[in-house]
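Novice: everything below, folded, please.
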Amino acid sequence: MLNAASMPVAQAVPDLPGYVRTPFTNPPRLVDVRGMSAGSKVVCPYTQRPFLVPGGVTAASSNIAANRPKTPAPERPRTTPIDANSNVAAMTKTAPSTPSVAPTPPAPATADLPYGTPISGRPGFVNSPFAAKHQLVDVTGLPVGMEVKCPYTGKLFRVPPQ
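Specialist: Down below sits the predicted model:
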């Protein structure tokens, strides 16, 4: 059993509040940690290894929620009555899912970023326009047009359509 002192801490993503980068994949992939507090233990959906949520991740997401206009939520009828003796943990179990990334409109500076080149026969992998052709970059699950840092040169490029 790992204790919290020896567990790695994920890296916060400044542009995506509520998301962190897992410390176990290379390049680091996004993990949705919205609603979790700093210091919470999370299991990486890609490697099934635990890590800790860094400080400041959920505070940024609550600031964004506070700036949204308040609209009343529509009333939904309850389909099953809740019994005081029911097992709440059994009712809140959810299936594991891959994190979804909300695409953001590209900033004017990103308009001149080149696109990577998709590799035929290797879905989710691209060639960076700045690295050698044998150096592949994994962009699995990232939306088309998202900025990606080349792990070999550190330069930014965009995810191409597959």
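Novice: contacts, neighbours, all on C-alpha from now
Specialist: Will do.
Novice: per-residue confidence for Thr92?
Specialist: With respect to pLDDT, Thr92 scores 52.
Novice: now do the same for the nearest residue to Gly56 once chain neighbours are set aside: helix, strand or coil?
Specialist: Leaving aside its sequence neighbours, Gly56 sits nearest to Ala38 (CA to CA, 6 or more residues apart in numbering; 7.0 Å). Following DSSP: H, G, I helix; E, B strand; the rest coil, Ala38 is assigned to coil.
Novice: elements contacting the strand or helix carrying Phe157?
Specialist: Here Phe157 is covered by strand 156-158, with elements defined by DSSP states H and E. The contact analysis (3 or more CA pairs under 8 Å, 6 or more residues apart in numbering; DSSP states H and E) places strand 156-158 against strand 147-149.
Novice: list the buried residues of the strand it packs on.
Specialist: For strand 147-149, burial by neighbour count (16 or more other CA atoms under 10 Å) applies to Glu147, Val148.
Novice: try stretch 131-148
Specialist: Ala131, Leu136, Val137, Asp138, Val139, Leu142, Pro143, Gly145, Met146, Glu147, Val148.
Novice: got a list of contacts for stretch 114-134?
Specialist: Residues outside stretch 114-134 that contact it (CA atoms under 8 Å, 6 or more residues apart in numbering): 135-141, 145, 150, 152-153, 155, 157-162.
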